[in-house]
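Novice: Kindly generate the corresponding structure for this input.
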Amino acid sequence: MKKSRLNSRAWLGKSCLSLAVLAGLAVAGAAAPMQAEAAMQLTYSVRHSMFGTIGTYTNTIEPTAAGTTVETRTHFFVKMLGINVYSEQAQRTEQWRGNRLVAFRGVTDKNGGQPVVISGVARGNSFVITSPEGTVRAPANVRPANPWSAVFLGSSTMMRPDTGALEQVRVTARGPATVTVNGRPIPTQSYEVDGSKKYLVYLDGRGVPVKFVVDDSTGEVTFTLTKCDGCALSVSSLGTYR
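Specialist: Numbering: from 1, shown residues only. As a prediction, this is how the structure comes out:
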C-alpha cells in the first residue's frame, strides 16, 4: 500500500507539471493585440482520467491603463481510498503591455512543502526569469503556460509557471471540433501543441479556451470551462456558462 501511495504521488507530480505546461500552450501562434477590452473571469473544472475531479483552475483578466493584468489561481487535491496523495495551490500574476509580457510573479505550494517563488521582468530584448534554480534569460516574446487568451502570439518559447523552466513548443491547427460545455455543444477550432508531451486545445468562436487536454503516462487530464463571468457570450453560438 505504501509503495502504491508513493507511485500515485509520482504520477500526480508528473501530471500536474503537465497541467502547468498545458495551461497556456494554447496561446502560441498568431499576432493580435493582447489588450483585454473588459474584465473577465474563466473558471475551469479539472478532471484526471484515473483520479476523477481534482480541482479548479481560474484566470481573472483585468484591463488596466498600461495594458492587462492576469491573476491565476489553482486548487488541486487528489485522494485515493480517502487518503490525500497530492495537493497543489498556486497564485500567479502576469502583467502585459500589448503583446509583451513585462512582469510575472508566481507562488506554488505542492504537498504543503516549501513554496516555490518564480518571478520575471522584461529587460531590453529579453525576459529575465528568476527561480530557485537561478536566473535565465528568455526571448522577449516568451509566454507563460497559461491560457487566459485565445490569441495565438507567434512564440515557440514557453515558461512553466511553477518552475520557471523554458520549453520549445510547436502549435498545429487540427480544424473544427464540437465541445460540450454545461450540456451544450460548442463549435470550436482545435489545436495540437507539441512540446515535451502532446496537448489538445479547443477555442470557441470568441477565442475563449473552452477545453484543453493532456494525455501522458498518468492518463488524460482535462480542463473544461464551467463558468465565464464577464464574457458576454451569445447563447446561440456559445451556450450558457453562467
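Novice: Any stretches of this structure with poor pLDDT?
Specialist: 1-36, 150-154, 216, 232-242 (pLDDT under 70).
Novice: let's see 80
Specialist: Applying pLDDT under 80 to the chain picks out residues 1-37, 147-155, 193, 196-198, 207, 214-218, 231-242.
Novice: Select the longest strand from it.
Specialist: Ordering each strand of the chain by length in residues (DSSP state E) puts strand 83-97 first.
Novice: helices or strands next to that strand in the packing?
Specialist: Judged by 3 or more CB pairs under 8 Å, 6 or more residues apart in numbering; DSSP states H and E, strand 83-97 is in contact with helix 2-25, strand 68-80, strand 100-110. Bear in mind the C-beta positions are built from the backbone N, C-alpha and C, glycine included.
Novice: partners of it in the sheet?
Specialist: strand 68-80 (antiparallel), strand 100-110 (antiparallel) (DSSP bridges).
Novice: out of the ones you listed, nearest to residue 186?
Specialist: strand 68-80 (22.6 Å; CB to CB).
Novice: Show me which parts of the closest one are buried, residue by residue.
Specialist: Using 16 or more other CB atoms under 10 Å as the test for burial, strand 68-80 gives 68-70, 72, 74, 76, 78, 80.
Novice: Convert the C-alpha atoms of it to CSV, please.
Specialist: Coordinates of each C-alpha in strand 68-80 appear next as CSV, following Å, rounded to 0.1, in the frame of the first residue of the first chain:
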residue,chain,number,x,y,z
THR,A,68,-3.7,43.9,-19.0
THR,A,69,-3.2,42.1,-15.7
VAL,A,70,-4.0,38.4,-15.4
GLU,A,71,-4.5,36.7,-12.0
THR,A,72,-4.3,32.9,-11.9
ARG,A,73,-5.4,30.6,-9.1
THR,A,74,-5.0,26.8,-9.0
HIS,A,75,-6.5,24.4,-6.4
PHE,A,76,-5.7,20.7,-6.9
PHE,A,77,-6.4,17.9,-4.4
VAL,A,78,-6.1,14.2,-5.1
LYS,A,79,-7.3,11.4,-2.8
MET,A,80,-7.0,7.6,-3.1
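Novice: For the nearest residue to residue 103 once chain neighbours are set aside, give me its contacts.
Specialist: Using CB to CB, 6 or more residues apart in numbering and skipping the chain neighbours, the partner closest in space to residue 103 is residue 95 (4.2 Å). When contacts are counted by CB atoms under 8 Å, 6 or more residues apart in numbering, residue 95 touches 66-70, 101-104.
Novice: Please identify which of those residues is nearest to residue 194.
Specialist: For the contacts of residue 95, the nearest to residue 194 is residue 101 (22.0 Å; CB to CB).
Novice: Show me what that closest one bridges to in the sheet.
Specialist: residue 96.
Novice: residues in contact with it?
Specialist: Residue 101 neighbours (CB under 8 Å, 6+ apart): 94-95, 120, 122, 127, 142-144.
Novice: if you set the cut-off to 10 Å instead, what comes out?
Specialist: Neighbouring residues of residue 101 by CB atoms under 10 Å, 6 or more residues apart in numbering: 34, 67, 70, 94-95, 120-122, 127, 138, 140-144, 153, 155, 159.
Novice: Buried ones from those, can you make that a ChimeraX selection?
Specialist: Filtering the contacts of residue 101 down to the buried ones (16+ other CB under 10 Å) takes a single ChimeraX command:
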select :34,67,70,94,95,120,122,127,138,140,141,142,143,144,153,155,159
